[in-house]
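Chemist: Based on what follows, work out the 3D shape:
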Amino acid sequence: QLLYRMAFAGFAMMNLMWISIALYSGADKGEFRTMFHWVGFALATPTLLYSGWPFFKGAWSGLRHFHLGMDLPIAIGAAITYLYSLYVTLSGDTQGEVYYDTVVNFLFVILVGRYLEAISKRQAVASTQRLLDLQPRVATVIRDGEEHIVPIRSVKISEEVLVKPGERIPVDGIVVGGSSSVDEAMLSGESQPLSKRPGDQISAGTINIHGVLHLRVESLLQDTALGRIIRLVEEAQASKAPIQCVADQVVPWFVAATLGIATATFILWVGTDFDKALMAATAVLIITCPCAFGLATPMAIAVASGLGARHGILVRNGEVLERFSAIDHIVFDKTGTLTKGAMSVTAVAMAESAWQAGEEMPMKIQELLSQLSAVERYSEHPLAAAILEKAGRSHDVIENGSFINQPGFGVGGIVSGQQLYAGTAAWMDHNGVERTPSLESIAAQLDQQGVSSLRVAAGGVEVALISVEDPLREDAQALIERLKSDNIRVTLLSGDRRQTAELIAQRLGGGMDVIAEVLPEEKDRVIAQLQSKGEQVAMVGDGVNDAPALVRADVGIALGSGTDVSIASADIVLMSNELEKVALASALSRRTLRTIRQNIGISITYNIIMVPLAVAALITPLVAAISMPVSSLLVIGNAARIRTLFRKH
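Modeler: Predicted structure coming up:
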């Protein structure tokens, strides 16, 4: 529609140009003058009604809601210039001038500017379209033993979908047949294809590389992981940052000031030259259109959130970008955030036997791990996963109703008629467990080395000590160093003993604060204490027990591999699980806010320079119409410069 209106105005402009040339060449006397006036009227009237309709519609809509919008000065300028020209034409005034060409020319130029703005906006939010393109339009469904290619909207939950090599996965589902490697790079940022076999979860938008996969449909369209990502990006691009809310409040006053200046300009010149007064006032109305001011914030947010999504950084809304730019303290949960969250059992010590990784495991220890796995099966702690992996297949079963779980301390349950406890020293004391001196001696040595360990008790007596290791992420140290170089304070938050937590901090390069021995329910209290000191705090975590702290923080950041609860609680989600994206998100927020301020500066500077020229009648409405969209395009181009941040990284 915008292109059609622009083309219509362009056609009228070219024809009116010939009439103007004729008038300026001397055909401005008698019947020729009158004829050219009526021809100008015939061309300008449909142009004003059709090409100028969006401006009149926008102006009227704003007035109906008692809002002075950006279209009002343009509509008034075009209408007044046209009505004056119509008066001269109808009255047959031989002295007055008509300005049909001016009306058509500046409508055409403004529409060209709006069209270029629309193209630039489309490019700015192209990241959303790229995500939409990941969603296949059709799927191959197995019905009554036969393959049917159907539109994705007609697929039902729990149906079986067939995905051939090279095809995109159309749904979120569970592999029920076949095996393959799947490329998840576009969705999660994972560079290496991931092996998928029966029982594995698989996401829409990923690519099946080789092998045929049979999936049971779990979710479709907007309910898939891809759909939720798209919705999050769209909401972010449509959202407003606080600085934009201020700008929106300023615009009506800006328009009112424009109308006042235009009126004063007309009064200033009308006593000496009516035509000059009309053209100067019209130029003021056009040149002070606050379009650039209105674009300053939304364009920067649209570019930033779209580019962030392309690089695995999902920002919930524009306000988050503004808040993150002010962050001066980032708190990292240790387990699963700075570490890989994939704990492994490295050693087991019992009173009568011991085992270390790489050795053959004694039968006694195998039996203990088998029994312990029956209890840990109901725990969500990473330690539980490590024990289950090391125990392998177990036939031991916990008695119904006997499982107990105290987050931050340990678990317990009855297996084969015997009460088992696994957890911290405090958990042992809480349950009245009798300590074993030889195991306590080993525990003391492990504590000095900063090695995490788990105590196990059976029948009220401490029987084993399990050593576990959770390796640091490869990019953790580089991230910490970069944040410190950006003058951002960094804190390690851990439930480990202080000695263990400080050892990890040293391995990360030192120079960071350590808050240790923190229970899960105390994490949000720690964040609140830091905020009470006037600090702007961001929290990075991935577990269920991180959710309250993520909500409490000024900005909550969750890793994409985290739980649904932590992701739902976060302001920013890092889909690729690359910790370096925390620093990139911080840089993106600062660049975005700086760009918004630059854009507002461009708009203000433009008006400071151009308005006095228009008031002094040194600028015609046509020149004003040309310069007005140029200011908007400068704002759009400046917002597009945010892309250079990602080229550097």
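
Chemist: so S453 is in which element?
Modeler: Under the criterion of DSSP states H and E, S453 resides in strand 452-458.

Chemist: Which other helices and strands does the following helix or strand past that strand contact?
Modeler: For strand 452-458, the succeeding helix or strand toward the C-terminus, using DSSP H and E, is strand 461-469. Secondary-structure packing of strand 461-469 (3 or more CB pairs under 8 Å, 6 or more residues apart in numbering; DSSP states H and E): strand 344-350, helix 363-376, helix 382-391, helix 437-449, strand 452-458. Any C-beta I mention is one placed from the backbone N, CA and C, and that applies to glycine too.

Chemist: out of these, nearest to R590?
Modeler: Closest of those to R590 is helix 382-391, at 33.3 Å (criterion: CB to CB).

Chemist: show me what contacts I398?
Modeler: 374-375, 377-378, 413-415 (CB atoms under 8 Å, 6 or more residues apart in numbering).

Chemist: average pLDDT for the longest helix along the chain?
Modeler: Looking across the chain with DSSP state H, the single longest helix is helix 580-615. The predicted model assigns helix 580-615 a mean pLDDT of 88.

Chemist: do stretch 490-509 as well
Modeler: Mean pLDDT, stretch 490-509: 84.

Chemist: mind checking the end-to-end distance for it?
Modeler: End-to-end distance for stretch 490-509: 12 Å, by CA to CA, to the nearest Å.

Chemist: And stretch 195-203, by the same measure?
Modeler: Stretch 195-203 has an end-to-end distance of 13 Å (CA to CA).

Chemist: which of the residues in that stretch are buried?
Modeler: By 16 or more other CB atoms under 10 Å, the buried positions in stretch 195-203 come out as 196, 202-203.

Chemist: I'd like the distance from it to the chain centre, please.
Modeler: Mean-position distance between stretch 195-203 and its chain equals 27 Å (CA atoms, centre = their mean, to the nearest Å).

Chemist: And for stretch 36-46?
Modeler: Taking CA atoms, centre = their mean, one finds the center of stretch 36-46 at 50 Å from the center of the full chain.

Chemist: Any buried residues in that stretch, and which?
Modeler: The neighbour-count check on stretch 36-46 (16+ other CB under 10 Å) flags 36-37, 39-41, 43-44 as buried.

Chemist: Number of residues surrounding M279?
Modeler: Number of residues near M279 (other CB atoms under 10 Å) recorded here: 26.

Chemist: and the buried residues of stretch 195-203, which of them are in strands?
Modeler: 196, 202 (DSSP state E).

Chemist: Take the buried residues of stretch 195-203 and write them to JSON lines, including distance to T346 and pLDDT.
Modeler: As requested, the buried residues of stretch 195-203 are arranged in JSON lines below (distance: CB to CB, whole Å; pLDDT from 0 to 100):
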{"residue": "K196", "distance to T346": "29", "pLDDT": "83"}
{"residue": "I202", "distance to T346": "32", "pLDDT": "82"}
{"residue": "S203", "distance to T346": "33", "pLDDT": "80"}
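
Chemist: hmm, back to that, now the strand holding S453 and strand 461-469, what's the angle there?
Modeler: Counting by axes from the mean of the first three to the mean of the last three CA atoms, to 10 degrees, strand 452-458 lies at 150 degrees to strand 461-469.

Chemist: what sits up against strand 452-458?
Modeler: Strand 452-458 is contacted by residues 368, 371-372, 383, 387, 410, 418-425, 427-428, 431, 433, 439, 443, 446-447, 462-470, 496, 500 when judged by CB under 8 Å, 6+ apart.

Chemist: care to break the protein down by domain?
Modeler: Domain segmentation of the chain under automatic domain parsing yields 2-126+235-301+594-648, 136-223, 312-340+472-590, 344-469.

Chemist: Out of these, which one sits most buried?
Modeler: Greatest average neighbour count among those goes to domain 312-340+472-590 (a mean of 20), per mean count of other CB atoms under 10 Å.

Chemist: now the strands for the stretch 451-600 of the chain?
Modeler: Here the stretch 451-600 of the chain has its strands, by DSSP state E, counting those that start in this stretch, at 452-458, 461-469, 489-493, 513-515, 537-541, 555-559, 572-574.

Chemist: List the contacts of L16.
Modeler: 40, 43-44, 100-101, 104-105.

Chemist: Closest one to L90 out of the contacts of I398, please.
Modeler: Y378 (88.7 Å).

Chemist: Could you find the closest non-adjacent residue to that closest one?
Modeler: Take Y378 and drop its neighbours on the chain: the residue closest to it by CB to CB, 6 or more residues apart in numbering is F403, 5.0 Å away.

Chemist: Same question for V255.
Modeler: Per CB to CB, 6+ apart, closest to V255 is L68, 3.8 Å.

Chemist: Relative to G450, how far out is the residue lying closest to M343 once chain neighbours are set aside?
Modeler: Closest residue in space to M343, ignoring its immediate chain neighbours: A386 at 4.0 Å, by CB to CB, 6+ apart. Per CB to CB, to the nearest Å, A386 is found 18 Å from G450.

Chemist: ditto for P612
Modeler: Using CB to CB, P612 is found at 69 Å from G450.

Chemist: quick check: mean pLDDT across the next helix or strand after the longest helix of the chain?
Modeler: Next in sequence after helix 580-615, counting helices and strands by DSSP H and E, comes helix 621-640. Across helix 621-640, the average pLDDT comes to 76.

Chemist: Over to stretch 176-183?
Modeler: Mean predicted confidence for stretch 176-183 is 84.

Chemist: List the contacts of it.
Modeler: If you take CB under 8 Å, 6+ apart as the criterion, stretch 176-183 is touched by 160, 165, 169, 193-198, 202, 206-216.
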